[in-house]
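Q: Just a sequence and a predicted model for now, questions to come.
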Amino acid sequence: MRKVLLSIALVFLMAFSVFANSNELWEQSTLNKVMKRGVLRVGMEAGYMPFEIKNKQGEIIGFDVDIAKLMAKEMGVKLELVNTAWDGIIPALLTKKFDIIMSGMTITPQRNLQINFADPVVVVGQTILIRKELADEVDSYRDLNDPKYTIATKLGVTADFATKKYMPKAKLRLFETEPEAAMEVINGKADAFVYDLPYCSIFYSQYKDQLVFLDEPFTYEPLAWAVRKGDPDFINWLNNFLAQIKGDGRYDMIYQKWFESDAWLEQVQ
């Protein structure tokens, strides 16, 4: 009888311990803190078309912004956008300057050592814009792997890493922003610009007479929202939110607005 009572007590203590740990986890969850604060703070770097960019009034608009507005609405809280330089965006998340990164960030094993990612929101890959004069001699990234070519891209992003990996013989020029790097080709200071397909596609639409677009991606890059590690409640909510809006058509409406139409360009030019 004593053994039976001891076993029951042990099971009760284990159940209480699990409940206490779960409750403590929820108290520490970013999601719980956002709801108590009444504000969702989203970190992003405005400048990555069409994910986040400033309009003529200086407001940040874009695909990620529309998704963030929908996310805050479903949480029943206000939205605060925190514009942050790309090279400091992960440290800013880790030091709790904001709650989540929604900025077209590629999932990489190296980043995943520092932060956690929700399910992919969009899958993209690296593409190339070249000077029109090179149309007959450059057909793929392999042709650019030559010291006679100069490639421009943004510092510290997957385009930077992919260029170093696949075109190590080419000269590489790195810039703080996408427009600075892309304009190097327009101004004749670089032969090619390497970047994600969505950005290259939009930039190409504005300079078709000066560029050739090699639009077959040569990398596989899933983009996702990033949060601090050790927060299963927040990741669970984000994945279910993404699945819901993909299933009920709201994601498709936002995707079509930013990726299948260029009407929004009037707001930024």
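A: Nice, I can see it.

Q: does the most centrally placed residue in the chain sit in a helix, a strand or a coil?
A: Nearest residue to the geometric centre of the chain (C-alpha atoms, centre = their mean): Gly104, 1.8 Å. Following DSSP: H, G, I helix; E, B strand; the rest coil, Gly104 is assigned to strand.

Q: That one touches Met49, doesn't it?
A: No - with contacts counted by C-beta atoms under 8 Å, Gly104 stays clear of Met49, the gap being 9.6 Å. From N, CA and C alone the C-beta is placed, and that goes for glycine too.

Q: so what sits against both of those two?
A: Common contact partners of Gly104 and Met49 (C-beta atoms under 8 Å, 6 or more residues apart in numbering): none.

Q: show me the contacts for the residue nearest to the centre of the chain.
A: Counting by C-beta under 8 Å, 6+ apart, Gly104 has contacts Tyr48, Phe51, Glu52, Asp64, Val122, Asp196, Leu223.

Q: Go ahead and produce PDB holding the CA coordinates of stretch 248-264.
A: Below are the C-alpha coordinates for stretch 248-264, written out as PDB (Å, rounded to 0.1, in the frame of the first residue of the first chain):
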ATOM      1  CA  ASP A 248      -8.100  31.500 -46.400                       C
ATOM      2  CA  GLY A 249      -6.800  33.600 -49.400                       C
ATOM      3  CA  ARG A 250      -5.500  36.600 -47.400                       C
ATOM      4  CA  TYR A 251      -1.800  35.700 -48.100                       C
ATOM      5  CA  ASP A 252      -2.600  35.300 -51.900                       C
ATOM      6  CA  MET A 253      -4.200  38.800 -52.000                       C
ATOM      7  CA  ILE A 254      -1.100  40.400 -50.400                       C
ATOM      8  CA  TYR A 255       1.300  38.300 -52.600                       C
ATOM      9  CA  GLN A 256      -0.500  39.300 -55.800                       C
ATOM     10  CA  LYS A 257      -0.500  43.000 -54.700                       C
ATOM     11  CA  TRP A 258       3.300  43.100 -54.300                       C
ATOM     12  CA  PHE A 259       4.700  40.300 -56.500                       C
ATOM     13  CA  GLU A 260       2.300  40.100 -59.500                       C
ATOM     14  CA  SER A 261       1.600  43.800 -60.000                       C
ATOM     15  CA  ASP A 262       3.800  46.900 -60.200                       C
ATOM     16  CA  ALA A 263       1.000  49.400 -59.300                       C
ATOM     17  CA  TRP A 264       2.700  50.000 -56.000                       C
END
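
Q: And the strands in the stretch 51-200 of the chain?
A: Per DSSP state E, counting those that start in this stretch, the stretch 51-200 of the chain carries strands over the ranges 53-54, 60-61, 78-83, 100-106, 116-117, 122-124, 126-131, 150-154, 171-175, 192-196.

Q: of those, which approaches Val34 most closely?
A: With respect to Val34, and counting by C-beta to C-beta, the nearest of the strands of the stretch 51-200 of the chain is strand 100-106 at 8.9 Å.

Q: what angle do that closest one and strand 78-83 make?
A: If you take axes from the mean of the first three to the mean of the last three C-alpha atoms, to 10 degrees, strand 100-106 sits at 50 degrees to strand 78-83.

Q: Need the pLDDT of Ser7.
A: At Ser7, the pLDDT value in this model is 60.

Q: one step back: so which of the strands of the stretch 51-200 of the chain comes closest to Tyr204?
A: Comparing those by C-beta to C-beta, strand 126-131 comes nearest, at 6.0 Å.

Q: The closest one: partners in the sheet, and parallel or antiparallel?
A: Strands that pair with strand 126-131, judged by DSSP bridges, come out as strand 192-196 (antiparallel), strand 211-214 (antiparallel).
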